[in-house]
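K.L.:
Build me a model:
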Amino acid sequence: MSSSLTSPITSPIASPVASSTFRVGALCGVLAGLLIAMPALVEAFTGETTATSVPLGLSPAFALPLLTALQLRQRPATGRFAEVAHIVNLIGLGLFGAAAFASNLVLFYFDDDVIDEVLTGPTIPALIGCAAVFAVGCALFGAAMIRARVFPAIPAWGYAVVLPLFAFLTGLSDSLLTSGLHILVGAILIWLSAALWRMARDAQHAASPARVSV
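P.N.:
Below you'll find the predicted structure:
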């Protein structure tokens, strides 16, 4: 005689909670990528405006859930290096996001004379330090993704190489170079988010009860 029993998948990656985390991270990542790429595309023709500076200032906040979800997904294939890289990248993203918020939503509305007065003392070294921590964190976390081979190689390499450049070159005057760099960063985030979404779908399917004959 045989009967059917359900045997749930117990892998943390295949759990419903993990699947939901991956999906939320992917959605936030797509939003972050769009908030970076779309304003940059507009600015290539119009220059910086209020309509473009607001989404750019808010975009780093939506990259935080993506970064956490990426690390959760690749954790079984990584070690302590990836954990350290994730922490450094989180700290760097927080600092860089604060600098981007101040630049796009505060300094943007000041006159040039006021900006010159504000950017004195420790302000410039502090901003450079924020960019440096963010660049190091992106390079380390990108290297962790390359080593883990969980996510596609091209956006993983892009994360490790392009985002550190973005950290420093984004402070330059608006040009086709800076606009193109913003669009490239947005594309990298969207690519990684799409890969994470597919993995979340696979994890959800794996979490469904498997029927075992006894």
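K.L.:
The spatially most central residue of the chain: which element?
P.N.:
In the chain, the residue lying closest to the centroid (Cα atoms, centre = their mean) is residue 63, at 3.9 Å. Element membership of residue 63 [criterion: DSSP states H and E] is helix 50-74.
K.L.:
What pLDDT is listed against the residue lying closest to residue 46 once chain neighbours are set aside?
P.N.:
Beyond its immediate neighbours in the sequence, the residue positioned closest to residue 46 (Cβ to Cβ, 6 or more residues apart in numbering) is residue 52, lying 7.6 Å away. To be clear about C-beta, it is placed using only N, CA and C from the backbone, and glycine gets the same treatment. With respect to pLDDT, residue 52 scores 89.
K.L.:
Near residue 52, how many other residues are there?
P.N.:
22 (other Cβ atoms under 10 Å).
K.L.:
re earlier: didn't the residue nearest to the centre of the chain look like it was pressed against residue 29?
P.N.:
Yes. The pair residue 63 and residue 29 passes the contact test of Cβ atoms under 8 Å, sitting 6.7 Å apart.
K.L.:
Overlap in contacts, these two.
P.N.:
In terms of Cβ atoms under 8 Å, 6 or more residues apart in numbering, residue 63 and residue 29 are both contacted by the residues residue 189.
K.L.:
just checking, residue 190 touches residue 36?
P.N.:
No. At 9.4 Å, residue 190 does not count as touching residue 36 under the criterion of Cβ under 8 Å.
K.L.:
between these two, which one's more packed in?
P.N.:
The neighbour comparison of residue 190 against residue 36 (other Cβ under 10 Å) goes to residue 36, with 29 against 21.
K.L.:
Just the element for the more buried one, please.
P.N.:
Taking DSSP H and E as the criterion, the element that holds residue 36 is helix 16-46.
K.L.:
how many degrees apart are that helix and helix 50-74 in direction?
P.N.:
If you take axes from the mean of the first three to the mean of the last three Cα atoms, to 10 degrees, helix 16-46 sits at 150 degrees to helix 50-74.
K.L.:
How far does helix 16-46 sit from its chain's centre?
P.N.:
Remark: helix 16-46 is offset 8 Å from the chain centroid, using Cα atoms, centre = their mean, to the nearest Å.
K.L.:
buried ones in that helix?
P.N.:
By 16 or more other Cβ atoms under 10 Å, the buried positions in helix 16-46 come out as 18-19, 21-44.
K.L.:
ok, now stretch 90-97?
P.N.:
Within stretch 90-97, the residues that qualify as buried are 90, 92-97, counting by 16+ other Cβ under 10 Å.
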